[in-house]
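Peer 1: sequence? don't have it. structure:
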């Protein structure tokens, strides 16, 4: 079995988009610890991305920061080409970059709708397409991985839970879910695995108001049956598993890392 007795991602090359902060940064650290060479994509947080790459290199790993707006086709293709040049190949994509531009529906601007769809959905399409093209054209390495390539789309519980006031975000994540499943169906015969992680409430800077105060956290926890907020490590560990041979028979699946948020906790006392 590939990687037996080794770190689970030893010798593999990974791209993590939006890897400079939040969930992406947690996945970058976990992948490096699991033996992967990591390209840390960023758009605006250059210092954070380069600092993370520096820490990995100082610990004996391989990493570099790469700037690209994932909504721009030429930038994405250039980024994947640079990864192949530096690392020799690409084995894993984590399509994580995303943003929110929230508003009540009647007040939502077309620009905010388009930007969220462009980054969260079109950006994942562009990154997945570039990665799949790379997987199919490079030499297969069964000594590294049983799959020819692995894609992990970072979605959200809001691929299934409606979210008033966040229609653009929820629409983008619903789109990611069906894009992932359709892509997985198409490329499975080529031995490329495609899955999603759908996080619930995770303690990151993007949702700081939801957990920073005791009152806000108490309100949030009414939505989480498991009784705690998620940490970036919860998602990162799931990503390592999905990228490894331990999950080789898993494709086309959304793995919910949400403490039970999708269990409709409002109905726990019979509604």
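Peer 2: Ah, there it is. Everything numeric here is computed off the predicted structure, so don't read it as measured data.

Peer 1: now do the helices in this protein.
Peer 2: Using DSSP state H, the helices of the chain run over 22-33, 46-58, 73-87, 110-117, 123-137, 167-187, 214-221, 232-243.

Peer 1: buried deepest among those, which one?
Peer 2: Mean neighbour count (mean count of other CB atoms under 10 Å) peaks for helix 22-33 among these, with a mean of 25. C-betas here are computed from N, CA, C, even on glycine.

Peer 1: residue contacts, residue 218?
Peer 2: Neighbouring residues of residue 218 by CB atoms under 8 Å, 6 or more residues apart in numbering: there are none.

Peer 1: and it, how far from residue 143?
Peer 2: 51 Å (CB to CB, to the nearest Å).

Peer 1: can you check residue 162 too?
Peer 2: Going from residue 162 to residue 143 by CB to CB gives 45 Å.

Peer 1: surely residue 180 touches residue 197?
Peer 2: No - counting by CB atoms under 8 Å, residue 180 does not reach residue 197; the two are 10.2 Å apart.

Peer 1: which neighbours do those two share?
Peer 2: The contact sets of residue 180 and residue 197 overlap at 153, 155, 254 (CB under 8 Å, 6+ apart).

Peer 1: tabulate the residues you listed (TSV), appending pLDDT, distance to residue 190 and neighbour count.
Peer 2: Formatted as TSV, these follow (pLDDT from 0 to 100; distance: CB to CB, whole Å; neighbours: other CB atoms under 10 Å):
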residue	pLDDT	distance to residue 190	neighbour count
153	98	18	28
155	98	23	29
254	98	21	19
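
Peer 1: can you tell me which of these are in strands?
Peer 2: Among those, the ones falling in strands (DSSP state E) are 153, 254.

Peer 1: now, which of the shared contacts of residue 180 and residue 197 sits nearest residue 74?
Peer 2: residue 153 (21.6 Å; CB to CB).

Peer 1: can you pull the contacts of the closest one?
Peer 2: Contacts of residue 153 (CB under 8 Å, 6+ apart): 95, 124, 128, 176, 179, 180, 194, 195, 196, 197.

Peer 1: let's have the residues you listed in JSON lines, adding distance to residue 78 and pLDDT.
Peer 2: Shown next, in JSON lines, are the contacts of residue 153 (distance: CB to CB, whole Å; pLDDT from 0 to 100):
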{"residue": "95", "distance to residue 78": "17", "pLDDT": "98"}
{"residue": "124", "distance to residue 78": "17", "pLDDT": "98"}
{"residue": "128", "distance to residue 78": "16", "pLDDT": "98"}
{"residue": "176", "distance to residue 78": "23", "pLDDT": "98"}
{"residue": "179", "distance to residue 78": "22", "pLDDT": "98"}
{"residue": "180", "distance to residue 78": "24", "pLDDT": "98"}
{"residue": "194", "distance to residue 78": "23", "pLDDT": "98"}
{"residue": "195", "distance to residue 78": "26", "pLDDT": "98"}
{"residue": "196", "distance to residue 78": "25", "pLDDT": "98"}
{"residue": "197", "distance to residue 78": "26", "pLDDT": "98"}
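
Peer 1: can I get the residues you listed in a markdown table including distance to residue 235?
Peer 2: As requested, the contacts of residue 153 are exported to a markdown table (distance: CB to CB, whole Å):
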| residue | distance to residue 235 |
| --- | --- |
| 95 | 14 |
| 124 | 16 |
| 128 | 19 |
| 176 | 15 |
| 179 | 20 |
| 180 | 16 |
| 194 | 17 |
| 195 | 13 |
| 196 | 11 |
| 197 | 6 |
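
Peer 1: returning to that earlier point: mean pLDDT lowest for which of the helices of the chain?
Peer 2: Lowest mean pLDDT within the helices of the chain: helix 214-221, at a mean of 92.
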